[in-house]
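In: what's the 3D shape of this:
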Amino acid sequence: MDSKHVEEKIEALLFYKVSPIAIGELAEVLSLTSDEVHIGLDALEQSLVGRGIQLMRSGNNVALATAPAASATIEKSRREELARDLGKAALETLAIVLYRAPVARSGIDYIRGVNSTFTLRNLLVRGLIERVPNPKDQRSYLYQPTIELLGHLGVTHIEELPEFATVQQELQTFEQGLIEETDA
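Out: This next block holds a predicted model:
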């Protein structure tokens, strides 16, 4: 695979993942050596100079992030976004996180039937949910409500949410139905 294709594939994968990814995982997913990934990352970093996004490196992890020159624009957009009401997708996702926490993005996507990446980002930015490491898979995260959200809802324990046990049971029944449909 030529270096331009490597760069394009790395960029696409980082854009899709939204969150940091280990260089080893990039190599595995792209069927490349670590050296090839490093060369691709260097090329990507150079091609992004002077643009609105940049490549961020932290230890063995890499991610795409907005460039510092765009910070005022991003902050303005963020304030406008936070001022708007939550839409249907955000409320659905928030309900799933509240009643299934801690829950992986894949579990949220499975229940909703659509990709929830951008909705989760919106809820994270608003401080309504938080990401925590997944103890079963260090490459992924789980989502849970923030203490601030629980306080805003007037509950001290998540189990105090309205009809908590009933909703949990209904979600489990719904998920089981989806599994049975998939297996049929």
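In: CA atoms for contacts and neighbours, from now on please.
Out: Fine.
In: biggest strand in this structure by residues?
Out: Scanning the chain for the strand with the most residues, using DSSP state E, yields strand 137-145.
In: elements contacting the longest helix belonging to the chain?
Out: The residue-count maximum for a helix in the chain (DSSP state H) belongs to helix 164-183. If contacts are counted by 3 or more Cα pairs under 8 Å, 6 or more residues apart in numbering; DSSP states H and E, helix 164-183 sits against helix 88-100.
In: after the longest strand of the chain, which helix or strand is next?
Out: helix 147-153 (DSSP states H and E).
In: residue contacts, the spatially most central residue of the chain?
Out: What sits nearest the mean C-alpha location of the chain, by Cα atoms, centre = their mean, is Thr117, with 4.7 Å. Contact partners of Thr117, counting by Cα atoms under 8 Å, 6 or more residues apart in numbering, are Val18, Arg105.
In: now do it against Glu170, distance only.
Out: Using Cα to Cα, to the nearest Å, we find Thr117 at a distance of 24 Å from Glu170.
In: tell me how the chain divides into domains.
Out: 3-69, 85-183 (automatic domain parsing).
In: figure out which of these is closest to Ser77.
Out: Go through the domains of the chain one by one with Cα to Cα and the one that ends up closest to Ser77 is domain 85-183, at 11.6 Å.
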